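**Q** Got a predicted structure here, sequence first:
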Amino acid sequence: MKALSEPNIKSLYSNLCADMQPYIMFRIAQRVLDLTPELEAKGRAPIKMSIGAPTVMPPEVLRNKMKELIDETGVHTYSVPRGEPFFREAIVTRMKNRFGVVMDPKKHVCSLLGSKEGLAAIFRAVISPEVDPVKKDIILTPDPGYASYVDAIEIAGGHAYSTPLTRENNYLPDLEHTMQELTNQGFNPNNVKALIINYPSNPIGATAPLSYFEEVIRFARQHNILVISDIAYSEMYFEGEEAPHSILEVPGAQDIAIEFHSLSKPYAITGWRLGFAAGNEEAINVLATVKGTMDSGIWKVLQKAGAFALNSPDCAQFIRDMCNVYEDNQNFMKEGFKQLGWPMDELQLPRATFYFWIPIPPRYTSCVDFANDVLEKSGIVLVPGTAFGKHGEGYVRLSLVNPRNELQEVLDRMNKDGFTY
Ligand SMILES: Cc1ncc(COP(=O)(O)O)c(C=O)c1O
């Protein structure tokens, strides 16, 4: 009998994922886990300022609702990727009440197992996989932006072309300029299939006026490019600010745009995996079809709880209360970093999200080096700006979701360990 040869599983990998690294946030989590015994031994147990997720319990009414729902009959069987009619009805009610947008629950909305899943599915729906870098389909992505965009576009066989969000452009990139630039670099503008906009933005916390959304829609219609609007942070805005807009408020947007909403951050339920897409009928159709190859819908208990949360005044109050906490935390950290020498008065701190995006001290030339030093010496976990794209160099992101005693401990440790500006 012929001897069996040594198996080589890696040789079987798709060339799209052969060199792929695990998602940056999972890599950071693993590194922290590896360093934990050493950090604990020197009294610097890790404080994770890196988590983009509320750490408080979800609203009590919502937890009670879940407890009730679990005993209902018929809720433990498969759902459908598009979502149960009652969940889609609740989404449509929410879109009408919150944004004044009228939608058809049968045509214009789709449930998601978190918006991350939905974004990955829509990328697959528009990208024809290609290996040759200049022939790849292109999706314009905000830079710095949510790290998952680039990974999910690349695994689908596309190219994520970065549109820089800078202080100079007021974090509102000129998309015609981007098209010109990519053409000059030898890319084919006809390969641009979609563009992503994300306001309020992760990691910067930038917001956009409705007039920018109007510009985006005009641009997209002119070039026949699908607009993918990610408004995972639409409810996370500070008191006195105008509530962030949906791009679907722009007349004609439903002809060319699809928007991704998340219940994760506002209701403090990142682990539940619940979100929805709303917008163009064709885009929703293809999204639901592609999703159907990967999931069989959301647990009906979650859809019922989600339907309740979306239109509950108690849950709305919970969100406003949490945003006040994040604003207080921002003020607290602003003062603390000022004491450490940071030029806080020169920075424009965001009035939305729960992120704190600050420059690294001038003695560092790399945000990765700074984040590594702060982790290894002080046990404070920061996210280097380049985790969000090359335009994130020079910055680190902190989340303001931790309890106040941890925020104080961060400032104390930085002071003791010499991390001044
Ligand atoms: C900008 C942005 N979009 C989408 C998501 C994904 O959220 P979820 O999948 O929990 O809905 C995140 C999570 O951090 C995010 O920051």
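**A** In hand now; what should we look at?

**Q** Show me which residues of the stretch 151-300 of the chain sit near the ligand.
**A** The stretch 151-300 of the chain has residues 198, 202, 230, 232, 262, 264, 270, 275 near the ligand, with proximity defined as Cβ under 6 Å from any ligand atom. (Glycine included, C-beta is placed from N, CA and C.)

**Q** Now the fifth one, what are its backbone angles?
**A** It refers to Ser262. Dihedral angles of Ser262 (phi, psi; degrees, to the nearest 10) stand at phi -130, psi 140.

**Q** Equivalent analysis for the first one, please.
**A** Here the main-chain torsion angles of Asn198 (degrees, to the nearest 10) amount to phi -140, psi 100.

**Q** Excluding residues flanking it in the chain, which one is nearest it?
**A** Asp230 (4.3 Å; Cβ to Cβ, 6 or more residues apart in numbering).

**Q** I'd assumed Leu195 was in contact with the one you found.
**A** No - using Cβ atoms under 8 Å, Asp230 makes no contact with Leu195, being 11.1 Å away.

**Q** The stretch 251-400 of the chain: helices as residue ranges?
**A** Counting by DSSP state H, counting those that start in this stretch, the stretch 251-400 of the chain has helices at residues 281-291, 300-310, 313-339, 367-378.

**Q** From Phe86, how far out is the most centrally placed residue in the chain?
**A** Ranked by distance to the mean C-alpha position of the chain (Cα atoms, centre = their mean), the top residue is Tyr146 at 4.8 Å. Distance of Tyr146 to Phe86, computed by Cβ to Cβ, to the nearest Å: 30 Å.

**Q** rewinding a little: could I get the helices of the stretch 251-400 of the chain in JSON lines, plus columns for mean pLDDT?
**A** Shown next, in JSON lines, are the helices of the stretch 251-400 of the chain (pLDDT from 0 to 100):
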{"stretch": "helix 281-291", "mean pLDDT": "97"}
{"stretch": "helix 300-310", "mean pLDDT": "98"}
{"stretch": "helix 313-339", "mean pLDDT": "98"}
{"stretch": "helix 367-378", "mean pLDDT": "96"}
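
**Q** tell me the most buried of those helices?
**A** Stretch with highest mean neighbour count among those: helix 300-310 (a mean of 23; mean count of other Cβ atoms under 10 Å).

**Q** what angle do that one and helix 313-339 make?
**A** Interaxial angle, helix 300-310 versus helix 313-339 (axes from the mean of the first three to the mean of the last three Cα atoms, to 10 degrees): 80 degrees.

**Q** Give me the contacts around helix 300-310.
**A** Applying Cβ atoms under 8 Å, 6 or more residues apart in numbering, the external contacts of helix 300-310 come out as 59, 62, 65-66, 69-70, 72, 74-77, 79, 83-84, 86-87, 89-91, 93-94, 111, 263, 267, 272-274, 298, 315.

**Q** likewise stretch 199-212?
**A** Stretch 199-212 is contacted by residues 52, 142, 144-146, 165, 171-172, 197, 229, 231-234, 236-237, 241, 244-245, 249-250, 349-353, 355, 357, 383, 385, 388, 392, 395, 397 when judged by Cβ under 8 Å, 6+ apart.

**Q** could you check whether stretch 384-397 is close to the ligand?
**A** No - Stretch 384-397 does not reach the ligand (Cβ under 6 Å from any ligand atom); its nearest approach is 9.6 Å.

**Q** And that stretch, end to end?
**A** Terminal residues of stretch 384-397 are spaced 6 Å apart (Cα to Cα, to the nearest Å).

**Q** buried ones in it?
**A** Residues of stretch 384-397 classed as buried: 384-389, 391-397 (neighbour count, 16 or more other Cβ atoms under 10 Å).

**Q** The helices of the stretch 251-400 of the chain into TSV, with extra columns for distance to Lys48?
**A** Formatted as TSV, the helices of the stretch 251-400 of the chain follow (distance: least, Cβ to Cβ, whole Å):
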stretch	distance to Lys48
helix 281-291	31
helix 300-310	26
helix 313-339	15
helix 367-378	10
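
**Q** between these, which gets nearest to Asn402?
**A** Nearest to Asn402, of all the helices of the stretch 251-400 of the chain, is helix 313-339, at 7.9 Å by Cβ to Cβ.

**Q** So which elements touch that closest one?
**A** Judged by 3 or more Cβ pairs under 8 Å, 6 or more residues apart in numbering; DSSP states H and E, helix 313-339 is in contact with helix 60-69, strand 355-359, helix 404-416.

**Q** Out of the ones you listed, which one sits most buried?
**A** Of those, strand 355-359 is the most buried (mean count of other Cβ under 10 Å), at a mean of 22.

**Q** Now do that one: distance to the chain's middle.
**A** 16 Å (Cα atoms, centre = their mean, to the nearest Å).

**Q** What strands line up against that strand, and which way round?
**A** When pairing is defined by DSSP bridges, strand 355-359 lines up against strand 395-399 (antiparallel).

**Q** Next, the angle from the strand it pairs with to helix 367-378.
**A** 50 degrees.

**Q** check which helix or strand covers the closest residue to Glu259 other than its chain neighbours.
**A** The shortest distance from Glu259 to any non-neighbouring residue, by Cβ to Cβ, 6+ apart, is to Ser229 (4.2 Å). Using DSSP states H and E, the element containing Ser229 is strand 226-230.

**Q** Who are the contact partners of Pro22?
**A** Counting by Cβ under 8 Å, 6+ apart, Pro22 touches Gln30.

**Q** so how far is Ser312 from it?
**A** Counting by Cβ to Cβ, the gap from Pro22 to Ser312 is 36 Å.

**Q** So which of the buried residues of stretch 384-397 belong to strands?
**A** Residues of these located in strands (DSSP state E): 384, 395-397.

**Q** which one among these gets closest to the ligand?
**A** Nearest to the ligand, judged by Cβ to the nearest ligand atom, of these is Arg397 at 10.5 Å.
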